[in-house]
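1. Structure for this input, please:
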Amino acid sequence: MIKLTDIIGDQQPHHLREGLELLFQAKIKRSDVIDLSNSNHEITLTMKDALRTYKRGLMTHPSSDDQFTQESKIEFGSLLLSNKTIIIDSNVYAKWSLKTPDCKHIVIDEVNEKNKNLDTFFHICHQLKNHPSHVFIIGGGIVCDIGAFCCAFLDIPFTLVPTTLLAMIDAAIGGKCGVNFEPYGKNQVGLFASANQVYVDIDFLSTLPPREFRSGLAEAYKHYFIDPNAIAFDDIPQNAVDCNKENILKLIEIKKSIVIKDPREKSLRKTLNFGHTFGHALESLLTPSSNPFLHGESVAWGIVFAQFLSSRISKQDTNYLDNAIKDLLSLNLLTNINWILEHWDSKKLFFYIEQDKKNNQDIQVVLYGKPGELLNNQMTESIKYDEMKEYLSRFHQFLLENKQRFL
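-> As a prediction, the model looks like this:
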């Protein structure tokens with residue numbers, strides 16, 4: 001147990017951002033328990049908000065509320081809302097405003113990873129200051145993440161209306177929400193909070209740009225890899241026309257069934273991070289560039305890295321890596337190899353991997369052999385920090401030597 005007074009010393013954090021900064025500087029692990037006794041009352045209130053949002057929540061002593069068990073209701077159909085409070089992506093609003101007449105719209109402009117931050121969070125929270133009884137959040141994964149975080153933080157019930165493939169099958173399912181926190185990387189601040197309802201309107205996919213659709217295919221492939229008995233590889237929809245209630249629901253149910261069993265990611269839910277250790281690091285590395293990767297594009301490369309690790313950690317000859325590369329290339333993923341190599345920075349990639357919320361004394365990585373088979377039957381593989389540095393160097397060399405495969 002770590003005393004809060006040992007973290008803050010004689011500093012006086014009076015703002016959420018300041019409290020979070022102290023926790024990151026102290027390198028507090030998600031598994032740490034914080035003792036709030038003998039702390040100044042005002043500081044404790046400030047730090048409670050920081051503690052409950054740092055890496056989606058630290059346990060405190062006296063024990064904190066850990067009642068996140070609610071299951072979101074999934075509904076399919078054509079959306080039409082009236083006289084509601086809505087948080088919405090500006091692009092969706094421009095194309096689909098007829099679905100939301102006479103509503104109060106909180107429009108998010110320039111939806112991207114750079115703006116998925118505390119500034120946007122505070123801006124939306126300010127617009128929700130009248131505390132509506134219910135909020136509808138309409139957009140892709142970033143909008144779902146930010147909007148749900150704002151509502152959960154303010155204790156406002158909400159419904160998610162995902163408009164991208166990635167959001168429909170992944171981001172809107174399972175109750176994770178939050179924002180990035182620089183310089184520490186992806187989704188470092190947030191909460192677990194289930195929507196009252198997730199409303200899936202497949203019509204939205206008809207106007208989704210092809211690149212955004214392919215981004216969602218990476219998460220679809222991850223779901224297939226976790227449970228190939230639930231959906232066959234050939235049943236993964238290749239384009240918006242192929243999407244229907246049956247195949248979208250299959251992909252949703254893979255994640256939903258895992259979340260119901262392990263809502264707080266204590267064991268089984270960790271498998272949903274397959275491909276995300278390196279994927280989040282690559283996404284964070286490229287976010288400041290002139291061509292930042294979409295989340296799914298980064299996860300696809302993260303799956304390649306995970307299978308690269310599996311093929312080297314496994315004690316027998318395998319085709320784990322080659323098979324994954326073949327599958328992902330057939331889904332038109334694994335693009336922009338030259339951009340990755342041009343911006344490769346092992347030191348920064350390691351820094352972002354070091355921030356991963358699953359880590360403890362070692363780096364924890366979800367690894368599979370074949371689809372449906374965890375490597376060594378372990379939920380996560382422990383990799384020493386120095387070993388990870390070496391694996392990153394070897395993976396860089398692998399990409400240089402195999403660049404032609406990805407062109």
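2. So for stretch 207-220, what gets flagged as buried?
-> Of all the residues in stretch 207-220, those buried under the rule 16 or more other CB atoms under 10 Å are Leu208, Glu212, Phe213, Arg214, Ser215, Gly216, Leu217, Ala218, Glu219, Ala220. Yep, even glycine has a C-beta here, placed from its N, CA and C like the rest.
3. Disregarding flanking residues, what is the spatial nearest neighbour of the fourth one?
-> Of all residues not flanking Arg214 in the chain, Asn332 sits nearest, at 5.6 Å (CB to CB, 6 or more residues apart in numbering).
4. What values do phi and psi take at that neighbour?
-> phi 60, psi 30 (degrees, to the nearest 10).
5. How about the contacts made by the residue nearest to Gln11 when sequence neighbours are not counted?
-> Residue nearest to Gln11 in three dimensions, not counting chain neighbours: Leu22, with 6.6 Å by CB to CB, 6+ apart. By CB atoms under 8 Å, 6 or more residues apart in numbering, the contact list for Leu22 reads Ile7, Ile8, Gln11, Pro13, Met47, Ala50.
6. okay if I get these as a markdown table plus pLDDT, distance to Ala230 and secondary structure?
-> Formatted as a markdown table, the contacts of Leu22 follow (pLDDT from 0 to 100; distance: CB to CB, whole Å; DSSP: H, G, I helix; E, B strand; the rest coil):
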| residue | pLDDT | distance to Ala230 | secondary structure |
| --- | --- | --- | --- |
| Ile7 | 91 | 43 | helix |
| Ile8 | 89 | 46 | helix |
| Gln11 | 88 | 49 | coil |
| Pro13 | 90 | 45 | coil |
| Met47 | 89 | 42 | helix |
| Ala50 | 94 | 38 | helix |
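7. Of those residues, select the buried ones using a PyMOL command.
-> Here is the PyMOL selection string for the buried members of the contacts of Leu22, based on 16+ other CB under 10 Å:
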select buried, resi 7+8+13+47+50
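8. what's the model's confidence in the helix with the most length in the chain, averaged?
-> In the chain, taking DSSP state H as the definition, the longest helix is helix 295-313. Averaged over helix 295-313, pLDDT sits at 96.
9. starting at the chain centroid, how far to that helix?
-> 16 Å (CA atoms, centre = their mean, to the nearest Å).
10. hmm, who's touching the helix or strand following that helix?
-> Using DSSP states H and E, the helix or strand that follows helix 295-313 in sequence is helix 320-330. Applying CB under 8 Å, 6+ apart, the external contacts of helix 320-330 come out as 218, 221, 233, 300, 303-304, 307-308, 310-311, 314, 334, 368-370, 405-406.
11. which residues touch Tyr58?
-> Careful, residue 58 is Leu and not Tyr. Leu23, Ile28, Arg30, Asp32, Val33, Ile34, Leu51, Arg52, Ser64 are the contacts of Leu58 under CB under 8 Å, 6+ apart.
12. wait, which of those is closest to Phe204?
-> Arg52 (32.2 Å; CB to CB).
13. Surely the closest one forms part of a strand?
-> No - if the criterion is DSSP: H, G, I helix; E, B strand; the rest coil, then Arg52 is helix and not within a strand.
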